[in-house]
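> Okay, structure incoming, though there's no sequence with it:
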C-alpha cells in the first residue's frame, strides 16, 4: 500500500556542517492533547526522538485530525498515518487478538495489565502474523486503567441500580451492564460529555484520569468506583509497509520506545487517577465504592464474554484458549513481580 503523508526532511547539522536525513512520521490520535494517555503518547514520541538521536521523529495529529477512533485501524493500515492509536473495542473481529486485554478478567491493576499485554503482543507469533495480514505492526500498549462509571442526575451503588439507565458502554463491560438491565447507548467516549449534558445518556463508563481530560466533572453528579477490570486493548500500531521500509536500527528504536511505555504510563496513572477522584470529591461529586459482593456479581456476568471472545479468536484462526492461558500466566507473573519488588517507579 502506498504511504500518503510521510516526509523525509533533509536538515543541516549546525556546527558539524554535515547533512543528515531525518525521517518524520505522522501519528494519528483521536483523543485530545491532554490527560494521561496524551502524556504517554508524548513520552513515546520523545523517547523515539531521544533514542534515535533525532534521526526518527513523529508529527502527532491530535483530536481526530487524521481519523476518528472508529477509523483508526484502516487509517493506519492504508497509510493515512504512519502510526497511531488503535482502540481494539471498535474492531472486535479484526483486533480480536488484542481484545484479550479488554476482557473482564479480575485484574484492575494498570501496570500488571499493560506488562502482560505488551509481552503477549510483542512475542506471540500467531498474533504478529494476524496483524501483518492487516498491514499492521504492534509497537506498544496503553490502558484505560480500571473501568468506573459516572452519572448525571442518578447514581449506581449496586447492580440493581443499573436497571433502566441509559448507559454509554463498550465491549464486555457495556454488554455486562446491558445484561444487568441497562439500556446500552452506542457512543464514542469523546461524545459522552454531550450525551450526559443533553440527557441522551444517564451514565457513561469511563476511567478516572479521563474525567478531567474530557471535562466530565462539569456534567456528572456521581462517580462509582467498580474496581472490576480494565480496557487494555489500546496502543500504538504502525503501517507495516512503512515499518518495513525503515532501517533495522530505526525499527529497534520504535520497539524499544514502545516497550518503555507501560512503566511510564503506570507511573502517570498511579497519581493521575487518585488526583482525578480527589478533584471530583472537592467539586461535590458523590464518590461511591461498589461493595465487594456487588462487584462479584459483575465479574460473574462478565465471564460470559470471556467465552465469547474465545469463539471469536478461534473464528479468525487463533487458539483462543491457548492465548487466554498465556495471558493469565503473564498477569500472574507481573502480579508476583509487583508484590515482590514493587512498581518500577518505586524501586
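Structure received. As the structure is a computational prediction, the values presented were derived from the model and not from experiment.
> C-alpha from now on. contacts and neighbour counts both.
Fine.
> For the protein, give me the ranges with low pLDDT.
Of all residues in the chain, those with pLDDT under 70 make up the ranges 1-21.
> how about the strands in this structure?
7-12, 19-28, 56-61, 83-87, 136-141, 148-151, 166-168, 183-185, 203-206, 222-225, 234-239, 286-289 (DSSP state E).
> Reformat the ones you listed as TSV; add mean neighbour count and distance to residue 315.
Shown next, in TSV, are the strands of the chain (neighbours: other CA atoms under 10 Å; distance: least, CA to CA, whole Å):
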stretch	mean neighbour count	distance to residue 315
strand 7-12	11	39
strand 19-28	19	30
strand 56-61	20	35
strand 83-87	27	21
strand 136-141	26	20
strand 148-151	25	31
strand 166-168	26	28
strand 183-185	21	26
strand 203-206	26	29
strand 222-225	24	35
strand 234-239	24	22
strand 286-289	16	38
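> and these as JSON lines, adding distance to residue 107?
Formatted as JSON lines, the strands of the chain follow (distance: least, CA to CA, whole Å):
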{"stretch": "strand 7-12", "distance to residue 107": "42"}
{"stretch": "strand 19-28", "distance to residue 107": "29"}
{"stretch": "strand 56-61", "distance to residue 107": "31"}
{"stretch": "strand 83-87", "distance to residue 107": "19"}
{"stretch": "strand 136-141", "distance to residue 107": "16"}
{"stretch": "strand 148-151", "distance to residue 107": "13"}
{"stretch": "strand 166-168", "distance to residue 107": "22"}
{"stretch": "strand 183-185", "distance to residue 107": "24"}
{"stretch": "strand 203-206", "distance to residue 107": "16"}
{"stretch": "strand 222-225", "distance to residue 107": "14"}
{"stretch": "strand 234-239", "distance to residue 107": "16"}
{"stretch": "strand 286-289", "distance to residue 107": "17"}
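> which one of the ones you listed lies closest to residue 316?
Across these, residue 316 has its closest neighbour in strand 136-141 (16.1 Å, CA to CA).
> what sits up against that closest one?
76-77, 114, 117-118, 121-122, 128, 131, 232-240, 243, 254-255, 257-259, 261-262 (CA atoms under 8 Å, 6 or more residues apart in numbering).
> Now do that strand: distance to the chain's middle.
12 Å (CA atoms, centre = their mean, to the nearest Å).
> Identify the residue spatially nearest to residue 211, adjacent ones excluded.
Spatial nearest neighbour of residue 211, chain neighbours left out: residue 217 (6.2 Å); criterion: CA to CA, 6 or more residues apart in numbering.
> In contact with the one you found, which residues?
211, 280, 283, 285.
> just residue 50 next, same as before
Residue 50 neighbours (CA under 8 Å, 6+ apart): none.
> Can you report how many residues lie near residue 174?
Neighbourhood size, residue 174 [other CA atoms under 10 Å]: 21.
> Can you give me the distance of it to residue 293?
19 Å (CA to CA, to the nearest Å).
> so how far is residue 306 from the spatially closest residue to residue 83 that is not a sequence neighbour?
Nearest non-adjacent residue to residue 83, counting by CA to CA, 6+ apart: residue 238, 4.1 Å away. Per CA to CA, residue 238 is found 28 Å from residue 306.
> Next: residue 147.
16 Å.
> how about the helices in the chain?
36-51, 72-77, 110-123, 125-132, 171-179, 192-198, 210-214, 240-245, 248-259, 261-282, 292-315, 320-341 (DSSP state H).
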